[in-house]
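Undergrad: Next input, structure requested:
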Amino acid sequence: RNAKKTYNQDILALVAFVKRRDPRVKAQQEEMEKQKKEKQQQQEQQAKERKKEKQKAKEEWLQEAQQHMEDLEVADRLAGRVRLADEEGDYDYGGGKKKKRGKKK
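TA: Residues are numbered from 1 along each chain as shown. Coordinates of the predicted model:
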């Protein structure tokens with residue numbers, strides 16, 4: 001049983017030695033590294049494109065929302081409605097000084 005274990009270890013060591021020396025194995029490893037780098041670059045490129053598309057969609061949405069708000073403001077003015085934000089002057093929003101709450105003495 002011990003001899004069989006030693007034999008298997010020797011075979012595994014021989015295989016490892018041959019793999020280190022075999023030019024086909026080195027070529028395979030280099031090809032794998034090359035493919036890995038290409039895949040990583042492709043993923044980074046796709047991530048950049050997705051980010052640009054997302055930013056573009058966000059800008060378009062903001063422009064549409066702003067245009068919609070402007071259209072609503074024009075419609076309100078034409079209908080004779082006035083918003084508080086459109087009026088000149090100071091408006092008190094009820095934010096005066098508040099009394100401190102504490103224990104009664």
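Undergrad: tell me what the helix or strand containing residue 42 is packed against?
TA: For residue 42, the host element (DSSP states H and E) is helix 23-79. Counting contacts by 3 or more C-beta pairs under 8 Å, 6 or more residues apart in numbering; DSSP states H and E, helix 23-79 packs against no other helix or strand. C-beta coordinates here come from the backbone N, C-alpha and C atoms, glycine included.
Undergrad: how about 10 Å then?
TA: Packing contacts for helix 23-79, counted by 3 or more C-beta pairs under 10 Å, 6 or more residues apart in numbering; DSSP states H and E, involve helix 2-21.
Undergrad: So what angle separates the directions of the helix it packs on and helix 23-79?
TA: 70 degrees (axes from the mean of the first three to the mean of the last three C-alpha atoms, to 10 degrees).
Undergrad: ok, and what's touching helix 2-21?
TA: By C-beta atoms under 10 Å, 6 or more residues apart in numbering, the surrounding residues in contact with helix 2-21 are 25-26, 28-29.
Undergrad: CA atoms only for that helix - export them in CSV, please.
TA: This file holds the C-alpha atoms of helix 2-21, laid out as CSV (Å, rounded to 0.1, in the frame of the first residue of the first chain):
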residue,chain,number,x,y,z
ASN,A,2,2.8,2.4,0.8
ALA,A,3,4.7,1.5,-2.4
LYS,A,4,1.5,2.3,-4.4
LYS,A,5,1.2,5.7,-2.7
THR,A,6,4.9,6.4,-3.5
TYR,A,7,4.4,5.3,-7.1
ASN,A,8,1.4,7.6,-7.5
GLN,A,9,3.3,10.5,-6.0
ASP,A,10,6.2,9.9,-8.4
ILE,A,11,3.9,9.7,-11.4
LEU,A,12,2.2,13.0,-10.3
ALA,A,13,5.6,14.6,-9.9
LEU,A,14,6.7,13.4,-13.4
VAL,A,15,3.5,14.8,-14.9
ALA,A,16,4.0,18.1,-13.2
PHE,A,17,7.6,18.2,-14.4
VAL,A,18,6.6,17.4,-18.0
LYS,A,19,3.8,20.1,-17.9
ARG,A,20,6.4,22.7,-16.8
ARG,A,21,8.7,21.7,-19.6
